[in-house]
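Engineer: structure, please.
(one chain, ligands or ions: 1)
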Amino acid sequence: MNTTTTDRRHHEVIVLGAGVSGIYQIKRLVDMGVDAIVLEGDDDLGGTWNRNRYPGCRFDSESYTYGYSFSQEVLDEWHWKEMFSAQPENLRYLHFVADKFDLRRHMTFGARVATMTWDDAATQWTLQLESGDVYTARFVITSLGPLSAPTLPKYPGMADFKGKAFHTFHWPKEPVALDGRRVAVIGTGATGIQVVGAIAPIVGELTVFQRRPNWSSPLNNSPISDEEMARIRARYDEIFDNCAKSPGGFEHVPRWGFWDKTPEERKALWDELYTQPGFAILAGNFAEIFFDEAANQELSNYIADRIRGRVHDPATAEKLIPKDHGFGLQRLPLETRYFEAYNQDNVHLVDLSETPIERFTETGIQTTAGHHEFDVIVYATGFDAITGAYDRIDITGVDGVRLADKWKESPSTFLGVLSHGFPNLLMVAGPQSVSGSTNFPRAIEVGVDWVTGLLEHARANGISRIEARPDAESEWVAEVERAHERMLFRRSKGWFTGYNSNVAGHQEGKIRYQAYFGGSPRYVAAIQHETETGYASMVMS
Ligand code: NAP
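Structural biologist: This is a model prediction of the structure:
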């Protein structure tokens, strides 16, 4: 077995990223005895949980469905403390796993890859780091994370602001004083909604700049006692089995039969689901809400009434209710006392559709209605999702073709793992897989296992070059498109449909098919079929 050392520059496999998927991927490679290392651009492991340190940051998957399933020891030893665990604990968990299997020694930190170039003659990738260091590898496995390329708005004068200002992804590691401060939050996606709920009780004044409201429903978090954890441990096999059977990788299971029930029966169900933890109201609801306009409208009306019942000022409540898309048709944020925050005298909502931002100043933000003074400005303005992390690396494949050019309009992959013209580039949680659309760790364990199986096959058969057939790739892209077309969210704006107003080249109303929405079981069936047919959709040599 070749264990790795990080002072060498050639490796059989280089994994990019030491987040949730990179940690598990290197574990599998080490177990296989492959010469492999991880290059991580940040200063430590943990990926999303190392970066996102903003107040309120936590899972909205039940903690015990988010943890790894691959190790009985980890399952036996780790005690989740909350139903929806917060960032510090989640980062501790990833450190616990990495340390338990002594994986850190295979990782190099502060190693951000700038370019990756395929050399067909040598059958290997050359990776140049921002530091200038050069590595080569037969295979590169990307574990870049779907939400790791943060994006900022482009308002005039942003650099003039003299107070503290940062994107939530870059929230400082050292404590940020917020008590008594005047704080702006720009953006009301899952992140902004978590931040607002968490900081409203401590700041002096909080002003939320909302471009479009988002639907949101209660997280309903609670602690997990020792007894509860013992019950969860005893049920782990069942839990992971349930997740594997559900489209979203959760224990929540959608049901059909919306129109078989009376409106009163539907409301009774929603009253129950609204108070249940996590995505129950979405993933445990009638499946028709995702496909049938009238069904979705009825549920949207119900949630709108819930918002009206929680926000005292009717005008503010109306501003917080989305009118341009139905409930669950963009990625649903889950909240903790978000709507109640607006009942506080020190919390203000600025509706940017009425009073847009004109410019930033040294002391704050000027809208068409007036000037707001701040000590801290928080950008909760989202990510260049899924493909953004790939675009940040200049990746050049066969015949000098750049991946960013191939994917300019929309990504194109085979099973979300390979892309024709880019041999030996294996993407875990890649575009057009289910990792962006389902409970992330459930999806990446499937992805890592499949990629590892592919590498085992290559090793056993003396294969050094793997490339997806273009016709197989076209078929998968068509399947991804079909899955989008079935769903109502195909008309909504947001990262599910690949739109981000802050990214050049993204066109409103033009879908980038970045994630597969056919559900986890269908995706797993597709990748298993590929294995069972001897990797028939790939050219191997
Ligand atoms: P997001 O959902 O893309 O939301 C970004 C917000 O910023 C939107 O409200 C957007 O408005 C606003 N915005 C963007 N550019 C703007 C501009 N130039 N001017 C004014 N407003 C602007 O991003 P996010 O909230 O960071 O969430 C991204 C994803 O991360 C989530 O969907 C989720 O998958 C993940 N996440 C998960 C958790 C969790 O597990 N609990 C928590 C946080 C995030 P528009 O709507 O008008 O574009």
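
Engineer: can you list contacts of stretch 146-155?
Structural biologist: Stretch 146-155 is contacted from outside by 17, 19, 47-48, 51, 158, 167-170, 186, 357, 359-360, 379, 381-386, 388-389, 391-392, 429, 435-436, 440, 495, 500, 502-503, 515, using Cβ atoms under 8 Å, 6 or more residues apart in numbering. For glycine as for every other residue, the C-beta is placed from the backbone atoms N, C-alpha and C.

Engineer: out of those, which end up buried?
Structural biologist: With neighbours counted by 16 or more other Cβ atoms under 10 Å, the contacts of stretch 146-155 contain buried members at 17, 19, 47-48, 51, 158, 167-169, 186, 357, 360, 379, 381-386, 388-389, 391-392, 429, 435-436, 440, 495, 500, 503, 515.

Engineer: quick one: which of the contacts of stretch 146-155 sit in helices?
Structural biologist: Thr48, Arg51, Gly388, Ala389, Asp391, Phe440 (DSSP state H).

Engineer: which residues of this structure lie near the ligand?
Structural biologist: By the rule Cβ under 6 Å from any ligand atom, the part of the chain lying against the ligand is 58-60, 147, 153, 186-192, 194, 211-212, 331, 352, 380-383, 495, 501-502.

Engineer: please repeat the previous calculation with a cut-off of 5 Å.
Structural biologist: 60, 147, 153, 187-191, 211-212, 331, 381-382 (Cβ under 5 Å from any ligand atom).

Engineer: just checking, which of those residues belong to helices?
Structural biologist: Ala190, Thr191.

Engineer: need the residues of the chain next to the ligand in CSV (columns: pLDDT).
Structural biologist: Below are the residues of the chain next to the ligand laid out as CSV (pLDDT from 0 to 100):
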residue, pLDDT
Asp60, 94
Leu147, 96
Pro153, 98
Gly187, 98
Thr188, 98
Gly189, 98
Ala190, 98
Thr191, 98
Arg211, 98
Arg212, 97
Arg331, 95
Thr381, 98
Gly382, 98
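
Engineer: which among the residues of the chain next to the ligand gets closest to Val34?
Structural biologist: Closest approach to Val34 among the residues of the chain next to the ligand (Cβ to Cβ): Leu147, at 28.3 Å.

Engineer: tell me what the longest strand that the chain contains is packed against?
Structural biologist: Counting by DSSP state E, the longest strand found in the chain is strand 134-142. Judged by 3 or more Cβ pairs under 8 Å, 6 or more residues apart in numbering; DSSP states H and E, the packing partners of strand 134-142 are strand 10-16, strand 124-129, strand 425-427.

Engineer: who touches the shortest one?
Structural biologist: Spelled out, that is strand 425-427. 116, 118, 125, 139-142, 395, 397, 413, 416-419, 433, 451, 454-455, 466.

Engineer: next step: those restricted to strands.
Structural biologist: Counting by DSSP E, the contacts of strand 425-427 place Met116, Trp118, Trp125, Phe139, Val140, Ile141, Thr142, Ile395, Ile466 in strands.

Engineer: residue in the stretch 151-300 of the chain nearest to the ligand?
Structural biologist: Gly189 (2.1 Å; Cβ to the nearest ligand atom).

Engineer: how about the contacts made by that residue?
Structural biologist: Asn214, Arg331, Pro333, Ala380, Gly382, Gly494.

Engineer: got it, and Gly248?
Structural biologist: Contacts for Gly248 (Cβ under 8 Å, 6+ apart) come out as Phe279, Ala283, Ser437, Thr438, Asn439, Gly519, Ser520.

Engineer: got it, and Gly328?
Structural biologist: For Gly328, the contact set (Cβ under 8 Å, 6+ apart) comprises Trp215, Leu282, Asn285, Ile289, Phe290, Asn296, Leu299, Phe489.

Engineer: could you dump these to TSV with distance to Asp226?
Structural biologist: Converted to TSV, the contacts of Gly328 look like this (distance: Cβ to Cβ, whole Å):
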residue	distance to Asp226
Trp215	36
Leu282	30
Asn285	32
Ile289	37
Phe290	38
Asn296	41
Leu299	37
Phe489	40
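
Engineer: now a ChimeraX select for only the buried ones of those.
Structural biologist: The ChimeraX command for the buried members of the contacts of Gly328 (criterion: 16+ other Cβ under 10 Å) is given here:
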select :215,282,285,289,290,296,299,489
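
Engineer: rebuild the contacts of Gly328 as TSV, extending it with pLDDT.
Structural biologist: Shown next, in TSV, are those (pLDDT from 0 to 100):
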residue	pLDDT
Trp215	98
Leu282	97
Asn285	98
Ile289	98
Phe290	97
Asn296	98
Leu299	98
Phe489	92
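
Engineer: need phi/psi at the residue nearest to Gly257 when sequence neighbours are not counted.
Structural biologist: Spatially, and ignoring its direct neighbours in sequence, Gly257 is nearest to Phe286 (6.6 Å; Cβ to Cβ, 6 or more residues apart in numbering). Main-chain torsions, Phe286, degrees, to the nearest 10: phi -70, psi 130.
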